[in-house]
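S.K.: okay, sequence plus prediction incoming.
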Amino acid sequence: MFKTGHYLHPREELLQAMERIYRYRMTTTSGGNLSIREPNGNVWITPARVDKGSLRREDIVCVLSNGEIEGTRKPSSELPIHQEIRLRRPDLGGVVHAHPTALVAFSLVHEVPNTRLFHQARNVCGEVGFAPYELPGSPALGRRVAEAFQRGYNCVILENHGVVTAGTTFQEAFRRFETLEFTAKTIIKARLLGGDIRFLDEDELALEKLRKVSLEEFEPSYPSSQENELRRRLCEFVRRAYRQRLFISTQGSYSARLNGASFLITPHQGDRGTVEVGDLVLVSDGRVEKGKTPSRAVTIHEAIYRTHPEVGAVVNAYPVNATAFSVSATALDTHTIPESYVVVRNVGLAPFGMQFGDGRELAGMFSTSRPALLLENDGVLVTAGDILEAFDRLEVLESTAEAIINARAIGTLHPLGQEVSRELDRAFFGI
């Protein structure tokens, strides 16, 4: 996930994570705490009463295995949560506690998000536990939370408080935190759309595990200037997609065609927030660059490129508002403002499970008038002529979805009429 390697100090790892959590408003200046346990038993933890927006390396506190504290600050007041979890679950090396708004909303109504919304959410987070209220910072709260982890949960909602996630590594804990907040946001947005939300059953959850991506490897030649430039541009837009919350750290695939039968694609499980040119994977004539693992969506992207020579870029993404449409029975109608209709055109819906096939059936659903699809319970899939156009289309799709959801809170939605649509077709597409 983060660019850690094996040599990054726990202080840097905690700083990187808190910077993301605070930047994306998943906690407040005074809220949230993170910790990492080293193999020797020492625990590094964020400090008490320090501005999360200006946290410094020297602020991080080390609680030694013998209980002594090293550092210029006091450890977080929620240290008992971290201690009690590890007492009952010694396998958990990383812990995240924060107050992201969607998960706080669930804590206020005393519910937990149903992670069956997405196969990835179920795989990453599992079932979510619930801890009854206790005084913040108290040993009693630490015990309550730890008891839920002891029952086997790795993500726990705290009654009228927030959330705690944990993992064998800190990266795993953060991945669970980010994925669970995304799931919670999507459920809230889908409820605002009205109607039933579609959750996955056991057979549907098992489909993803049956997907096999097995491509022959090849030794690439020295990269051309064209390939190097394409790698640079693709990295820029992958990182931008993460900053714009169109991707989360380990979800979202972006590819760009290099030539007729070759394209670059994001790696499997690589951190979308810090992807670098060398992380991208070259795919050529059905073979994959030696020593690298491409996104599991590679077969879909390849099928689209083979079927549609005019397509130069493909994006699988998880923008929360558009994804909310993918889990509800509500159609996403782009007849809202002219930009939405002109840029996105018409949006199709692919039934769940189609994305786990060889990609040909999914590729056949695209056309010049339908360049974007909602993947049922799995985000969106967007095609375009190049990287920039794909990103623009994705952004406009998400903005359109958000505007429709917001409009529902105001009054009756009045879409563009058929005559306006015909006028736009004539003016922009000559049809």
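M.R.: That came through, no problem. Small disclaimer: the values here were computed from a predicted structure and weren't measured.
S.K.: helices or strands up against the helix or strand bottoming out on mean pLDDT in the chain?
M.R.: Scoring the helices and strands of the chain by mean pLDDT, DSSP states H and E places helix 202-210 at the bottom, with a mean of 87. Applying 3 or more CB pairs under 8 Å, 6 or more residues apart in numbering; DSSP states H and E, one finds that helix 202-210 contacts helix 119-125. No exception for glycine: its C-beta is placed from N, CA and C like everyone else's.
S.K.: what average pLDDT does whichever helix or strand comes after the least confident helix or strand of the chain get?
M.R.: Helices and strands here follow DSSP states H and E; after helix 202-210, the next one along the chain is strand 216-218. Here strand 216-218 scores 91 as its mean pLDDT.
S.K.: strand 216-218 pairs with which strands?
M.R.: According to DSSP bridges, strand 216-218 forms sheet pairs with strand 287-289 (parallel).
S.K.: next, count neighbours for the nearest residue to residue 93 once chain neighbours are set aside.
M.R.: Leaving out its chain neighbours, the residue that sits closest to residue 93 by CB to CB, 6 or more residues apart in numbering is residue 37, at 4.8 Å. Residue 37 has 21 neighbours, counted by other CB atoms under 10 Å.
S.K.: what's near enough to touch residue 37?
M.R.: Counting by CB atoms under 8 Å, 6 or more residues apart in numbering, residue 37 makes contact with 43-44, 86, 92-94.
S.K.: strands - which of those residues land there?
M.R.: The strands, defined by DSSP state E, take in 43-44, 94 from the contacts of residue 37.
S.K.: before we move on, back to that, which pair of the contacts of residue 37 spans the longest distance?
M.R.: 44 and 92 (14.4 Å; CB to CB).
S.K.: mind listing what the most centrally placed residue in the chain touches?
M.R.: With distances taken as CA atoms, centre = their mean, the chain has residue 248 as the residue nearest its mean C-alpha position (2.4 Å). Residues in contact with residue 248 (CB under 8 Å, 6+ apart) are 178-179, 182, 242, 272, 318.
S.K.: pull the number of nearby residues for the closest residue to residue 374 other than its chain neighbours.
M.R.: If you skip the residues right next to it in sequence, residue 374 has residue 326 as its closest partner in space, 4.3 Å away by CB to CB, 6+ apart. When neighbours are defined as other CB under 10 Å, residue 326 has 26 of them.
S.K.: over to residue 99?
M.R.: 18.
S.K.: now residue 130. Its backbone dihedrals?
M.R.: Dihedral pair for residue 130: phi -140, psi 130, per degrees, to the nearest 10.
S.K.: same question, the one 5 residues further on
M.R.: Recorded main-chain torsions at residue 135 are phi -60, psi 130, according to degrees, to the nearest 10.
S.K.: check the contact between it and residue 144; I expect there is one.
M.R.: No: contact criterion CB atoms under 8 Å: residue 135 and residue 144 do not qualify, at 10.2 Å.
S.K.: ok, those two, which is more surrounded?
M.R.: Between residue 135 and residue 144, counted using other CB under 10 Å, the more crowded position is residue 144 (20 against 8).
S.K.: leaving out chain neighbours, which residue sits closest to the more buried one?
M.R.: Per CB to CB, 6+ apart, closest to residue 144 is residue 131, 4.6 Å.
S.K.: so what sits opposite the one you found in the bridge?
M.R.: Here residue 131, judged by DSSP bridges, has bridge partners residue 158.
S.K.: quick one: mean pLDDT over the longest helix along the chain.
M.R.: Longest helix in the chain by number of residues (criterion: DSSP state H): helix 170-193. Averaging pLDDT along helix 170-193 yields 96.
S.K.: okay, buried residues for that helix please.
M.R.: Across helix 170-193, burial judged by 16 or more other CB atoms under 10 Å covers 170-190, 193.
S.K.: how near is the residue lying closest to residue 282 once chain neighbours are set aside to residue 215?
M.R.: Leaving aside its sequence neighbours, residue 282 sits nearest to residue 289 (CB to CB, 6+ apart; 4.2 Å). Remark: distance between residue 289 and residue 215 (CB to CB, to the nearest Å) = 10 Å.
S.K.: more crowded one of the two?
M.R.: residue 289 (20 against 16).
S.K.: burial count for the nearest residue to residue 216 once chain neighbours are set aside?
M.R.: Leaving out its chain neighbours, the residue that sits closest to residue 216 by CB to CB, 6+ apart is residue 287, at 4.7 Å. Residue 287 has 16 neighbours, counted by other CB under 10 Å.
S.K.: does residue 287 touch residue 220 like I think?
M.R.: No: if you go by CB under 8 Å, residue 287 and residue 220 don't touch, sitting 9.6 Å apart.
S.K.: hang on, the earlier thing: pretty sure the residue nearest to residue 282 sits against residue 220.
M.R.: Yes: contact criterion CB under 8 Å: residue 289 and residue 220 qualify, at 5.3 Å.
S.K.: so what sits against both of the two?
M.R.: residue 282.
S.K.: quick one, strands of the stretch 301-431 of the chain?
M.R.: 313-317, 347-350, 372-375, 380-384 (DSSP state E, counting those that start in this stretch).
S.K.: so which of those strands is the most packed in?
M.R.: Greatest average neighbour count among these goes to strand 313-317 (a mean of 28), per mean count of other CB atoms under 10 Å.
S.K.: please compute how far that one lies from its chain's middle.
M.R.: 14 Å (CA atoms, centre = their mean, to the nearest Å).
S.K.: so which elements touch that strand?
M.R.: strand 253-259, helix 298-307, strand 380-384, helix 387-408.
S.K.: how far off strand 313-317 does the second one point, in degrees?
M.R.: Angle of helix 298-307 versus strand 313-317, following axes from the mean of the first three to the mean of the last three CA atoms, to 10 degrees, is 150 degrees.
S.K.: what of the third one?
M.R.: Note on geometry: by the same axes, to 10 degrees, strand 380-384 and strand 313-317 are set 160 degrees apart in direction.
S.K.: pLDDT on stretch 249-256, on average?
M.R.: On average, stretch 249-256 scores 92.
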